[in-house]
Structure formats: C-alpha cells, structure tokens
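J.: after the sequence you'll find the predicted model.
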Number of protein chains: 2
Amino acid sequence: MRIKISKEDLLAGVGPIQAVVETKRSLPILSHLLLEASSTRISVFGTDLDIGVRKRLPGEVLKEGSIALSARKLYEIVRELPPAEVELTSDADMTVNIRCGKSDFRMKGLPRDDFPSMRDAKGRGVVLDRRMFRDMIRRTLFAVSSDQTRYTLNGILLRVTPKDIRTVATDGHRLAVATTEADVLKDNAPIEAIIPRKAAAETLKLLRDEPGEVEIELAENHLLFSTDQTLIDARLIEGQFPNYEQVIPATTTKQASVSREALVAGLRRTSTIIGDRVVHTTLELKPGSLRLSCVNLDLGEAREQLEAEYHHEETAIGFNARYILDFLGAVESEQITIHFQDPLSPALFRPKDEKGYLCVIMPMRL
Amino acid sequence: MRIKISKEDLLAGVGPIQAVVETKRSLPILSHLLLEASSTRISVFGTDLDIGVRKRLPGEVLKEGSIALSARKLYEIVRELPPAEVELTSDADMTVNIRCGKSDFRMKGLPRDDFPSMRDAKGRGVVLDRRMFRDMIRRTLFAVSSDQTRYTLNGILLRVTPKDIRTVATDGHRLAVATTEADVLKDNAPIEAIIPRKAAAETLKLLRDEPGEVEIELAENHLLFSTDQTLIDARLIEGQFPNYEQVIPATTTKQASVSREALVAGLRRTSTIIGDRVVHTTLELKPGSLRLSCVNLDLGEAREQLEAEYHHEETAIGFNARYILDFLGAVESEQITIHFQDPLSPALFRPKDEKGYLCVIMPMRL
C-alpha cells in the first residue's frame, strides 16, 4: 500500500476512530485500526466489536493495499506531524513507513486478515436530517441508565413509524422523550431499536454538528448510520424496552413557567451546598415565585428566589437537582414549564412552546 | 463579622487559597480557610502546615470579626454566585450568612481560635523583581526530585549572596541552575534555603505574572514571600543541599547549536514511538545536522533530521527526551546550545546568548 494524504485529513480520520477503539481488550487486533487503499478510496476503520466506524479519507492512492496499525500510536504520531503531506508506504513484512517533512517513522503493523469485518450499508435506509437526529440523541442520552442489571435501559430507544421519529431513554428516576413528526419511512419497515450508550455517544460525536443527512439502516441486530464520509455500525441491545408511555403523566392540574437560564443558575448555586450524598432540592411554588432551597445537615443551607409564572396554590416538591439540570442543559428555549399534580407524582418538564420534547422526573420525598 | 465585597474580589482571594489547603488531613480545621475582618483590612488565610497563604482583599468592613469556613465549599459557592456584591455576616454561634443578589446561603463555620497562626512579615527582607524571581523558580521546578528518600532534593535551593541570586534543583539525572547577577542583600544576611516543591509551585502560581516586587524574609526554618496583597509562609526543607557545582562540566570541547522550536517539535515527534518504558533518544551530530532517532522494539522507530551548527567529529549521544523537553520548555531563546565532551559525560544545555541559565543532563548509554 502506498498513499499520499495531508496531515490534517489523516488526523481527521484517525482521531475520531481511535477514540472508538478499545485498548483494554485481550485481542491485540482490536487496539488497531485498519487502513485500506483501493482504486476508488482510502478508508480507516476501527471497532470494539460493539461499535465499528469507517471513515473515507481524501488522498492519492499510489498502490492499493491495507494494513492494521496500533490506533493509539498512529494517532499520537499523526497528531505531532508537521502540517504537510504525509506519505504512507507498507511493505510485504507488514511494516509501514510514514514520511512527512523531515520526519520518518517505521511502525510494525498486522495483516488485514486478522481484522474483524464490517458491514456495508446497502443504501436503502431511512434518511434523516443530521442535526435533527443529533439533537434527538443529545436530548435523551443523559437519561440512559448505567445500572448493568437493567440492560435494556442501557441505551436509547429509537423508534421510527410512519407518523414520527422518537428517541427515549430512562433510568427509572427520569425519562426523556424526543419526538419529531415526519414520515421518513417511505417503503421501509418501521424501526424499533435500542442503541447502546457508547454507540449513541460516539454517533453524536461522529455526526458532527453540520448540515446534511444521515441514513439509518437496520441489519439483523445492528443499526448502520451513514453519511457521505462516515459509516457507523452499532450492535443493538436485544430485548424489550419497557412501556415508558405509562410513566408520562396524562393529567397534570398545575403548571409553572420559569426562565431556563435563571433556573440553571439557581440550581447550580443551591447545589453547591450539597456534599457527595444525594440531597433533594426543594422547589416551593407560590403565585409569582419559585423558591429553591437545599439543606445539608453537616454544612448549612442554600436558598434562591426566582420569578415564576404560577397561578395555583402553594406547593413544595423535592427533586434531585442534577436531573433537572440535565434536562435544562438539553433545551434552548428561554422559558421552561413544569407540569405536576402533587408532590408525590411524577412531574413533567418541557421547553415552553415546543411540543417535541419532554422529561418526566420522579420527585423525592421531602 | 460583617463585610461587603464584590464576588470577583472574594473569588480572587478564596480561589488560590483553597488550592493550597489540604483536604485530606485528619485535622478538620486544616480543610478550612480563615476569613478575618479588622478595622484596617479583610484577609483570607489558608494553610496545610507546610505552606500558609494570606491574601488581603478589598471590601467594606461593617463589623470586625473572624470565622473559619470549609475552603472547598466556600470556593464552590462563591464561584457560582452572580457577579454582584456579596454580604457576608457571621453570628455568635459561628454560622455565616452569605447573601448575593437573590441567593442566600447559611454555612456552619469554626472559631478562629482553632486555626493555626501565621507569621507576619517584618518588612526587612530582600526585595526581588517579581517576574525575575518567578522565572528562576519556573526554570528549576521541573528538575526537583520526587524521590521521597532524598528529601533535600525534594525542593529548590534558593541562594542569595552579595554577588547573585540563584535557584538550583536536581533529581540526580539532571540539574537546573538559574542565576541572576545582582546585589539585593544590602544589610541582610545571605540566604540559603530549600523551598519544598509544593511551596515553590504555589508561589509560582500566587506571584502572578505581573510587574512588581516580592520581598523574601527568612524566619527560623520558614521563608516568607510577600507582595502588596499576598503573604506566603513556606516551611523549609532542613538539611544540606548536595554540592551541585561539581556536577557542572568544567571543560567541554564540543558544541552544537540548534533551533529551539525545531528541537522541541522533533523530540515530541520522535517520542511518540516510545511506549511507557523509558527509552533513550539518540542525538547524532554531524557537521551541519542533528539527527534524532528513537527505537521501540515492540513498535518501530522514529527519525527526524534537523539543521544544526556543529563543526566537530560525528558523535552520537543518548538522552531521555523528556529531560531535554523540560529544559526547552523553560527557555525562550530562538537557539539553544549543547556542550559536551563525550557520549558518557554529562552534557550542558544552555539558551544561546544567555548566561544565567543552564541544565546539566546525564546521557543514557546507547
């Protein structure tokens, strides 16, 4: 194999993929990434067996071929190269020579035969707006459970029907649901798949915040995400996602509306008094105001007064502030609304004037 | 106690001092910092018993008094406060009320009697230019030994004579010496003191990179550093710093001169091939050129060619690249010079055209 490629292009390929590669696996080949040069393209591929990523790179192919190289070492080397053209040549005994400016590296590689294979996309999937899809991942990822024993909750449910696209995640204490109304299925079968947390997080990073599309294709128990340059192959979590819809409160008689920014600042401030234990933050609503307070028996207490639009009787509800902050970090609207029935029932948090997103948070007993 | 102070001023005092305070000590009072308000000043003081720091803060004293507060908690709270005036009030049962905008904190404190006392500077010390002194600390700190059994090497030697000011550090593999010729002693006795690594590092941070002076005063086995706003009290390392002067090679017949920037880039690049083990980097000098090379038996090798001014016979010397990079990170000159006798004798690294700084680095056997 012999290719010429700019340092920047090589780094843009190797960087994100080395982040996916598992370095702690017992199989040495899995700490490698595969460089391939064919007549039509240069590509770099890495996998941890749960998620595989292939990126197509620009560059000139002088001789076809392939080689697997230590992902971390290649990344460290490429990162330090001067901003110039890189010439990468592999010889028959699986040694690669990397030349760039006055730098010259020789690096031992492994043959591609040892490398796990990767699916190809068939190009017949569901096409989504990339930014919209990123947002839907971002708005649910934080609610994924890290409790290994509840493995169907260790990922994001992606559901695509003729009516809408939906992502859902829950850890039993809170539930996040993002919905976009659109029929993107066309001739495709509906999709219902649980994307593991790591695959969802890496997909979020790999699908950069750029306009464009992403194509989603179900292949056995894998989901393929493809863009012009990147193919992500995520092994899905098998099993049934719980019936989350019954958790969303159907009737809530009380509603408060408050500035998102002020609530973020207030919760961050009152949370400073909390130590390492989980302590509830009390939200006291009165007509016109929301008072936040937090008590740490060892240390002291914190209070903050906010303006709020609220027209019902005085109520106090306790929440884990972290859960509210996660929700607030996922929305952009200036105002958010809190819908609730009583201090013991799940409360509904929503961006004001936006229908497609909600978070259900279980209160804590005061 | 009752004071009014801007959030920024309070943070500028609490932030650097909470970094000094030891949180893992068994004595709870040591995880606190002491706030004091007298008719003439507001000050904040923290100590880990090895280094104590007091900063004077601007602000308005409404009622004199003092209280000790958890350093980390106070820092976390102040950091999150809105940019406004803070009113801090302590009552008789050692509870502090912190008010700022619509935020309101109550925090339990401890009486000042429990707090270790701090020396006051007598104002009769040696006065140094602050930037010059910072540079002298910075240029030697990296060479301080972390070998706990060689405790006199666990700090920087500060020596002030009628002739010059000097800082020295060594870990047995390399030695860094910074010298400034000046008579700053006046009526003072010469100083010879070993400043522990943490005190030196904190002093570097606390003496911000601003023009001005710092006064240095020896008090028993402590050294006091004072500026207008800050007093640092460092307990010194007792014992005799080794005779480092005999390590500085007196005669070196060969000399090479090379661009600092090119050498940094070349060493960083060739070092990428090194794994976790310490591997030497070979410096091969020929008239006109310096070739860097590094071999990792498991992985491969890296080479880099640099231009160099060199007029002697071909020589190859092995070094720990980290040590050379530490030296290069401490100098600003465009060119550096390497003086040496043979591949087994200590080599001398210097910024070109600057007399006051040198680094001796022991070679590694090739």
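T.: Received, thanks.

J.: could you use CA atoms for every contact and neighbour count after this?
T.: Noted.

J.: run through who's touching stretch A:287-304.
T.: A:266-267, A:269-271, A:273-275, A:279-285, A:305-314, B:102-108 (CA atoms under 8 Å, 6 or more residues apart in numbering or on different chains).

J.: surely A:R106 is in a strand?
T.: Yes: according to DSSP: H, G, I helix; E, B strand; the rest coil, A:R106 belongs to a strand.

J.: before we move on, back to that, from the contacts of stretch A:287-304, list just the buried residues.
T.: A:266-267, A:269-271, A:273-274, A:279-285, A:305-310, B:103-108 (16 or more other CA atoms under 10 Å in any protein chain shown).

J.: just those: which are in helices?
T.: Judged by DSSP state H, the buried ones among the contacts of stretch A:287-304 include A:266-267, A:269-271 as members of helices.

J.: can you put those in a markdown table and add pLDDT and distance to chain B?
T.: Listed next are these as a markdown table, based on pLDDT from 0 to 100; distance: CA to the nearest CA, whole Å:
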| residue | pLDDT | distance to chain B |
| --- | --- | --- |
| A:G266 | 97 | 8 |
| A:L267 | 97 | 10 |
| A:R269 | 95 | 5 |
| A:T270 | 96 | 8 |
| A:S271 | 94 | 9 |
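
J.: farthest pair within those residues?
T.: Using CA to CA, the pair of these lying farthest apart is A:G266 and A:S271, separated by 8.4 Å.

J.: now A:I274. Nearest residue, chain neighbours left out?
T.: Of all residues not flanking A:I274 in the chain, A:N296 sits nearest, at 5.9 Å (CA to CA, 6 or more residues apart in numbering or on different chains).

J.: still on that earlier bit, from the ones in helices among the buried ones among the contacts of stretch A:287-304, pick the one nearest B:L158.
T.: Within those, proximity to B:L158 (CA to CA) peaks at A:R269, which comes in at 43.5 Å.

J.: that closest one reaches B:L74, doesn't it?
T.: No: using CA atoms under 8 Å, A:R269 makes no contact with B:L74, being 11.4 Å away.

J.: in its sheet, what does the helix or strand that contains A:I232 sit against?
T.: Under DSSP states H and E, the secondary-structure element containing A:I232 is strand A:230-235. Partners of strand A:230-235 in the sheet, by DSSP bridges, are strand A:51-57 (antiparallel), strand A:222-226 (antiparallel).

J.: mean neighbour count, distance to A:D113 and mean pLDDT added to those strands, as TSV?
T.: Shown next, in TSV, are those (neighbours: other CA atoms under 10 Å in any protein chain shown; distance: least, CA to CA, whole Å; pLDDT from 0 to 100):
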stretch	mean neighbour count	distance to A:D113	mean pLDDT
strand A:51-57	24	16	95
strand A:222-226	23	22	96
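
J.: and B:I195, which of the ones you listed is closest to it?
T.: Nearest of these to B:I195, taken as CA to CA: strand A:51-57 at 51.6 Å.

J.: who touches that closest one?
T.: When contacts are defined by CA under 8 Å, 6+ apart, strand A:51-57 is touched by residues A:9-10, A:13, A:17, A:20, A:41-47, A:118, A:199, A:229-235.
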